[in-house]
Structures are given as C-alpha cells and as structure tokens.
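K.L.:
compute the structure for the input listed below.
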Amino acid sequence: MKRSKKLITSLLFLLLAPLMFMSTARADITLGISDWPGWVAWYIAKDKGYFKKYDAHVKLVWFPNYIDSVNALSAGKLDANCQALIDTMAPLAKGLPLKTILVTDNSAGNDALMVNNSIKNFKDLKGKTIGLEQYSIENYLVDTALHRHGMTQKDIKIVNMSTGNAAAAVISGRIDGAGVWNPWINRIENQHKGHPLFTSKDAPGLIPDLVVARQKSLKAHRNDFEGLVKAWFAVVRFVHKHPDAAAKIMAPHVGLKPKEYALSLAGTRLFGAKLNQEAMKPGHLAVSLYNSTSNTGRFLIKAKAIKKVPKPEKFIDDNFIKQASK
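P.N.:
Alright, predicted model coming up:
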C-alpha cells in the first residue's frame, strides 16, 4: 500500500511538473517589426544572442505591411511596436495608453523626393505631378521640402498612390516625381530615371523612428523591456563596428543582397545611448522628440489628421534608456 502511494505520488509529480514549469515560465513580450533598416536590425539582437545576454524574453513579430503593425499595437495585439513618430501621433491623440521608450533611428537619406532628370531645382518643380501616399512620412517630407523653398503643396499636383506604385510611375515616366524611401530611391537612381531633389539627410530629426509600448505591458514586463533596450544598444555598437557583417545578417530578411542593403543601412542614423538621451529631453537639438513632435503635429493638424498635438512629456518614458545606460 505504501509503495502504491509512493508510485501514485511519483506519477502525479511527473504529470504535473510540466504544468508547474509552464506556470512559472516568463512569457515573451511581442515586438512588431517591418521593412525598415532601423527595425530589421533587431534580427542582429536575435542572431548575436543579445536578448539572451540581457535577459530579455522577446518575440519578434514580422509585418509585411508596416501600417498593419501600427494598427496591431493600437488594438492591443502587440506589447510594443517599431513605428515612426508621425504614425504614433494619431493613436496618442485618441488617448491610447502608449509610451515611447526608445528611439531606434532617424532617417538620414533613406526618404527622398525623387524627380525625373529634367527637374534641376525647386523652381522646375512648379506645376509638376508628384506621387506619394497622402498624410504619410513621404508627404511630410515633401511638405517640409516645399516650405523650405518658399512653396506649398498648391504649387504642385499631388497624386495619392502607394510608394511602390509611385516609384514605378517615375521609372516609367508617367509622373514627374515621387516621395519614396529605400530601396525605391536606389532603384530609381540605378535605372537612371531620376535623382533626389530633397532627402531626410537635409532635415535632421524630421523622421524619428521609435519603439512604442503599451503601458500595461511596460508595468507587467519591466525587466524584459530594460533588457530589450540594452540589447538595442549592443546592436548599434555592432553595426557601427561591423557594418558589412550587419548587412549580411539583415539582408536575407527582406530579400536583398548584403551590398544592396548596406546602402539602405547607410541612410539610417541608428541611435545608441547618447543620442537617445538627447532625443528624450527638451532642447534645441534637432534630434529632440519635443521638437519633432511639435513640427510633425503642425503638419498633421494642417492635414486634419489630428485635432490636438499630444504633449511629449505625456508619452515619452526615458526610464528604460536611463537604466540601460548605467
């Protein structure tokens, strides 16, 4: 009888042990990523073991269509997402409980107003047809470029179309120019069908890219998010020291050759600890999110995409970069 009790106890332990383990195991936080060099770089953290090194339980969730990732975060289907500031403003304006915990990068040439070779300057641009996705990053870039040269969107004819279609239309000669990002910039140039009239390199701080997280997830998985930020800083160090090796890791995830991807990577200014500290505080620096929020907000209000500009101090949480920088 005693033996049978011991046997039953042993069997129960064997049956329940996996369930006990499952109940105590930490669940991964989900981070949405899509096709942008500053976000594809997260695969380096996975490949080099940085998540494991910094005890961050992270699951990367790939989105072929970027805007789907923004919508997934807003719907509570992700813990965090990689997205541009301009696409974060509307959810914030609606009162969604989101926090910016990291700046992954600033576009530094990877977004451009591409025009055909007959257009040499902004005077030549008047009356021309430009394809872009309205209210998008490229729309904002073109609007900024026009404003800096004493023009408005009324001086050109804008055709609302996807980035890929706009680039194809420039290459085929159906439109005069387009607001596009890489790899479309390189493809237009490689086919000698156009050149950049204005790029994000001409406007530092204009297009910040972020990791935005839900407040509920930040509270529940604080250690994982701290490890996530540490892993990112390690990624930035690796890319700066080994750009070719970084391109080899990243390129297969977007179906490009490493040499081709290296061009896109060069047009992205990755933000390590120091730049993140500068970005998350008020000041006159171009990289400050406080300045970017104000400028981007004005554009979105003019476009009637939002009614009120969210206050940076309400949605910026610099605690994670402070901890990771120690």
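K.L.:
which SSE is the closest residue to residue 199 other than its chain neighbours in?
P.N.:
Distances taken as CB to CB, 6 or more residues apart in numbering place residue 112 nearest to residue 199, at 4.2 Å, with adjacent residues excluded. Glycine gets a C-beta too; all of them are placed from N, C-alpha and C. Using DSSP states H and E, residue 112 sits within strand 111-115.
K.L.:
which strands or helices does that strand pack on?
P.N.:
Here strand 111-115 is seen to pack against helix 137-148, helix 163-172, strand 177-181, helix 184-190, strand 195-199 when contacts are counted using 3 or more CB pairs under 8 Å, 6 or more residues apart in numbering; DSSP states H and E.
K.L.:
check which residues of the helix or strand where residue 321 lies are buried.
P.N.:
Under the criterion of DSSP H and E, residue 321 resides in helix 319-325. Under the neighbour-count criterion of 16 or more other CB atoms under 10 Å, helix 319-325 has 319, 320, 321, 324 buried.
K.L.:
equivalent analysis for stretch 208-216, please.
P.N.:
Those buried within stretch 208-216 under the rule 16+ other CB under 10 Å are 208, 209, 210, 211, 212, 213, 214.
K.L.:
how about the fifth one, what does it touch?
P.N.:
In this case it means residue 212. Residue 212 is in contact with 73, 80, 81, 82, 83, 88, 98, 99, 100, 101, counting by CB atoms under 8 Å, 6 or more residues apart in numbering.
K.L.:
just want the phi and psi numbers for it.
P.N.:
phi -110, psi 130 (degrees, to the nearest 10).
K.L.:
tell me the one of the contacts of residue 212 nearest residue 116?
P.N.:
residue 83 (31.4 Å; CB to CB).
K.L.:
that closest one contacts residue 70, correct?
P.N.:
Yes - using CB atoms under 8 Å, residue 83 is in contact with residue 70, at 5.1 Å.
K.L.:
so which of those two has more stuff around it?
P.N.:
The residue with more neighbours, out of residue 83 and residue 70, is residue 83; 27 against 23, by other CB atoms under 10 Å.
K.L.:
and the more buried one, how far is that from residue 326?
P.N.:
Taking CB to CB, to the nearest Å as the criterion, residue 83 is separated from residue 326 by 27 Å.
K.L.:
what comes up buried for stretch 81-93?
P.N.:
81-93.
K.L.:
longest strand in the chain, by residue count?
P.N.:
Assignment by DSSP state E gives strand 98-107 as the longest strand of the chain.
K.L.:
chain center to that one, what's the gap?
P.N.:
Relative to its chain's centre, strand 98-107 lies at 7 Å (CA atoms, centre = their mean, to the nearest Å).
K.L.:
just the strands in the stretch 1-150 of the chain please.
P.N.:
Here the stretch 1-150 of the chain has its strands, by DSSP state E, counting those that start in this stretch, at 29-33, 58-62, 80-84, 98-107, 111-115, 129-132.
K.L.:
what about the third one, distance to the chain center?
P.N.:
By that I understand strand 80-84. 5 Å.
K.L.:
cool, and the fifth one?
P.N.:
Its chain's average C-alpha position is 19 Å from that of strand 111-115, according to CA atoms, centre = their mean.
K.L.:
that one vs strand 177-181, what angle?
P.N.:
160 degrees (axes from the mean of the first three to the mean of the last three CA atoms, to 10 degrees).
K.L.:
partners of strand 111-115, with directions?
P.N.:
strand 177-181 (antiparallel), strand 195-199 (antiparallel) (DSSP bridges).
K.L.:
relative to residue 246, which of the ones you listed is closest?
P.N.:
That would be, of those and by CB to CB, strand 177-181, which comes in at 19.0 Å.
K.L.:
now do the SS call for residue 240.
P.N.:
helix (DSSP: H, G, I helix; E, B strand; the rest coil).
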